[in-house]
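Colleague: Below is the structure, and that's it, no one-letter string:
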């Protein structure tokens, strides 16, 4: 189980996808250097015109500092391009592997309709205690309230109230990430596309159910203003999935494609060469 920034927190951050062209001999060193930065969520080695695709969540107005100071200080980086996120169209927490029986799904939906999530004031003015809670949950999404409270210096009931308020206000999103080896859909692809603003507004909330291959879909800046992550059984499926997506989303064109060859970091967690989760560096909220 994993906790990631929700729409409420995303509005307080600068989110971006950065493609890095590196010296061939220093790709892994650049990835390791960036792993240590709390602002990098995901780092992937890709097949395409760049070497690395980095997903960044920069608190406040710190994206410029990340680019000018952090990226700018890496001798192994030759060039970078940046697309900042302007909207979330499909979010990964809505994606389902369809492994749970219907009764369990109904129970989870009832839990998701907690009264604190829909009634009353859910706006959160995040303070240091909230930030410590989010950091704790980003390290271990199954962390108990007692340990969360101890880390934050509050009581367990106060921790429960704050966790419910953060989830209810969409400041953090709960999702379960899986080790994909042996389960099919072992390959990730990144599609860059284009849509008009009017067509983007027509993308419905049920798109993830209609196109389960899409893991994430966001609106971004740049000539290609749509970013999509899709899961494939193997690279040969890419063309069929692309055709399916184009038939289902009016006004979309897909202009460029990347295959992820290796993931170094995924939502703050180190990913080993065998594809398993390692140590976690909490994202800097």
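Modeller: Arrived safely. All values derive from a computational prediction rather than experimental measurement.
Colleague: The closest residue to residue 149 other than its chain neighbours: which element?
Modeller: Spatial nearest neighbour of residue 149, chain neighbours left out: residue 159 (4.0 Å); criterion: Cβ to Cβ, 6 or more residues apart in numbering. For the C-beta atoms, the positions are set from N, CA and C on the backbone; glycine is no exception. With the criterion set as DSSP states H and E, the secondary-structure element containing residue 159 is helix 156-168.
Colleague: Buried residues in that helix, which are they?
Modeller: By neighbour count, with 16 or more other Cβ atoms under 10 Å as the criterion, the buried positions of helix 156-168 are 159, 162-163, 165-168.
Colleague: Show the average pLDDT along it.
Modeller: The average pLDDT for helix 156-168 rounds to 88.
Colleague: returning to that earlier point: pipe the buried residues of helix 156-168 into JSON lines and attach distance to residue 12 per row.
Modeller: Compiled in JSON lines, those are given as follows (distance: Cβ to Cβ, whole Å):
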{"residue": "159", "distance to residue 12": "21"}
{"residue": "162", "distance to residue 12": "16"}
{"residue": "163", "distance to residue 12": "18"}
{"residue": "165", "distance to residue 12": "15"}
{"residue": "166", "distance to residue 12": "12"}
{"residue": "167", "distance to residue 12": "16"}
{"residue": "168", "distance to residue 12": "17"}
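Colleague: Verify the contact between residue 210 and residue 248 for me.
Modeller: Yes: here residue 210 reaches residue 248: they are 6.0 Å apart, a contact under Cβ atoms under 8 Å.
Colleague: any idea which of the buried residues of helix 156-168 is closest to residue 128?
Modeller: Here the nearest of the buried residues of helix 156-168 to residue 128, counting by Cβ to Cβ, is residue 162; it sits at 11.6 Å.
Colleague: Once you drop chain neighbours, what's closest to residue 198?
Modeller: For residue 198, ignoring the flanking residues on the chain, the nearest one in space by Cβ to Cβ, 6+ apart is residue 251 at 7.8 Å.
Colleague: Looking at the one you found now. What's its pLDDT?
Modeller: As summarised for this prediction, residue 251 has a pLDDT of 96.
Colleague: any idea which helix or strand carries it?
Modeller: Per DSSP H and E, there is no helix or strand for residue 251.
Colleague: any weak-confidence spans in the stretch 151-285 of the chain?
Modeller: By pLDDT under 70, the weakly predicted segments of the stretch 151-285 of the chain are 174-185, 283-285.
Colleague: where do the helices sit along it?
Modeller: Along the stretch 151-285 of the chain, counting by DSSP state H, counting those that start in this stretch, helices occupy 156-168, 197-201, 207-210, 238-248.
Colleague: Just the buried positions in the third one, please.
Modeller: The neighbour-count check on helix 207-210 (16+ other Cβ under 10 Å) flags 207-208 as buried.
Colleague: What of stretch 249-267?
Modeller: Burial within stretch 249-267, assessed by neighbour count using 16+ other Cβ under 10 Å, is assigned to 249, 252, 254, 257-260, 263-267.
Colleague: Quick check: residue 148 vs residue 159, distance?
Modeller: Taking Cβ to Cβ, to the nearest Å as the criterion, residue 148 is separated from residue 159 by 5 Å.
Colleague: What of residue 80?
Modeller: Residue 80 is 39 Å from residue 159, by Cβ to Cβ.
Colleague: List just the nearest of the buried residues of stretch 249-267 to residue 28.
Modeller: Minimum distance to residue 28 across the buried residues of stretch 249-267 is 7.9 Å, recorded for residue 264 (Cβ to Cβ).
Colleague: Which residues are in contact with that closest one?
Modeller: Counting by Cβ atoms under 8 Å, 6 or more residues apart in numbering, residue 264 makes contact with 28, 31-32, 35, 43-45, 270-271.
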